[in-house]
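Chemist: What shape does this take:
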Amino acid sequence: MRVSAFMYEQRYMEYVLDRYIQLNMPYPFTVSFNYLASPVLMDEEIFLALDDEHQIVGCLSFIRGTAEHNYENREVIQLQVFYIEPPYRSTKLFLELLQLMVQCLQYLEEPVKELQFWTKEDSIIRSLVTKRLAIEAQQHQSVYGSLVSYVIPYEMLEKYVSSFPQIDYF
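Modeler: Sure thing, here's the model as predicted:
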């Protein structure tokens, strides 16, 4: 591994651990830590958004596959972290991170069927996802309480992202 990759992963881990409370994850810390660290441990994708002073103002990370299928169903993308600092939430950063992720997945040329993620009940997330992408959230009961799952067909995400002016990352 190159030193720059290690430093990038280290910055990611420090950032998400420093914001553990703000991430509002629906799991105990030990379980949450596994989700936060999995993109690093599984050599998957991490994107950091930096401001003009090179301070992190947001991040997005994901892995391929699900535990139910022993991570062999690589056509499924599991979003592990998507966080934007409050002052940047009303900017184009959300869209830019989505564009970056979609372009990365196109560049990697491995087929993608869907994107999925789990959250605590959150009306802002529900509204954002269900209104913009016209999908339904699914309520689930787990040992960690009530969770909401979102499954977004990849073609729908690609179409949504491409409907905005593009920044070429790849």
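Chemist: Helix or strand with the lowest mean pLDDT in the protein?
Modeler: helix 123-133 (a mean of 81; mean pLDDT, DSSP states H and E).
Chemist: Please name the nearest non-neighbouring residue to P153.
Modeler: In space, and not counting its chain neighbours, P153 is closest to E114: 5.5 Å by C-beta to C-beta, 6 or more residues apart in numbering. Placement of C-beta: from N, CA and C, glycine included.
Chemist: Might one say that that neighbour is in contact with R74?
Modeler: No: contact status for E114 versus R74: not in contact, 11.6 Å apart, counting by C-beta atoms under 8 Å.
Chemist: hey, C-alpha coordinates of stretch 101-116 in CSV?
Modeler: The C-alpha coordinates for stretch 101-116 follow below in CSV (Å, rounded to 0.1, in the frame of the first residue of the first chain):
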residue,chain,number,x,y,z
MET,A,101,-19.6,7.6,-6.6
VAL,A,102,-21.5,6.9,-9.8
GLN,A,103,-18.5,7.8,-12.0
CYS,A,104,-16.2,5.7,-9.9
LEU,A,105,-18.6,2.7,-10.3
GLN,A,106,-18.7,3.3,-14.0
TYR,A,107,-14.9,3.5,-14.1
LEU,A,108,-14.5,0.2,-12.2
GLU,A,109,-16.8,-1.5,-14.8
GLU,A,110,-18.1,-4.0,-12.4
PRO,A,111,-21.9,-4.4,-12.8
VAL,A,112,-24.0,-2.7,-10.1
LYS,A,113,-27.6,-3.6,-9.6
GLU,A,114,-28.6,-1.6,-6.5
LEU,A,115,-27.4,0.7,-3.7
GLN,A,116,-28.7,0.1,-0.2
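Chemist: mind listing the helices in the chain by residue range?
Modeler: Ranges of helices within the chain are 3-18, 20-23, 29-41, 93-108, 123-133, 154-162, based on DSSP state H.
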